[in-house]
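*Asks:* got a predicted model here, sequence first, then my questions.
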Amino acid sequence: MTKPRIAGTRPAVISLEAGEAVWWCSCGRSQTQPFCDGSHKGTGFEPLEFIAPRDDDYWFCTCKQTEKPPFCDGAHKKLEKG
């Protein structure tokens, strides 16, 4: 697998508390988007750990096309047009 699957076309806004750790799915196969459920096994992709530096809402990428993983950078907007 060379390219990740597109799991969604909108960011997932998730509230996290300071110090809370999550694993962002980079392959797009997870059924628990935007987070990893282990579906990447055998794909060559690995999840990315994110630890919240403060209590806040975080915008996680679901299209997997972001250049700023694990966060949404608007890459999904190009998918909607193409």
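*Replies:* Received it, and whenever you're ready, just let me know what you need.
*Asks:* which residues in the chain form strands?
*Replies:* 12-16, 21-24, 48-51, 56-60 (DSSP state E).
*Asks:* to residue 39, which of these lies closest?
*Replies:* Across the strands of the chain, residue 39 has its closest neighbour in strand 21-24 (11.8 Å, CB to CB). All C-beta atoms are positioned from the backbone trio N, CA, C, and that covers glycine.
*Asks:* distance of the closest residue to residue 56 other than its chain neighbours relative to residue 28?
*Replies:* Using CB to CB, 6 or more residues apart in numbering and skipping the chain neighbours, the partner closest in space to residue 56 is residue 16 (6.8 Å). According to CB to CB, to the nearest Å, residue 16 and residue 28 sit 21 Å apart.
*Asks:* neighbour count for the two, which is higher?
*Replies:* Ranked by neighbour count (other CB atoms under 10 Å), residue 16 and residue 28 place residue 28 first, with 23 against 18.
*Asks:* about what we covered before: wait, the residue nearest to residue 56 sits on residue 60?
*Replies:* No - here residue 16 does not reach residue 60: they are 9.8 Å apart, not a contact under CB atoms under 8 Å.
*Asks:* residue contacts, residue 4?
*Replies:* Taking CB atoms under 8 Å, 6 or more residues apart in numbering as the definition of contact, the neighbours of residue 4 are 26-28, 45, 64-65.
*Asks:* and stretch 44-51, how far out from the chain middle?
*Replies:* For stretch 44-51, the distance between its averaged C-alpha position and the chain's averaged C-alpha position is 9 Å (CA atoms, centre = their mean, to the nearest Å).
*Asks:* what pLDDT is listed against the residue nearest to residue 11 when sequence neighbours are not counted?
*Replies:* Residue nearest to residue 11 in three dimensions, not counting chain neighbours: residue 72, with 3.6 Å by CB to CB, 6+ apart. Predicted confidence (pLDDT) for residue 72: 98.
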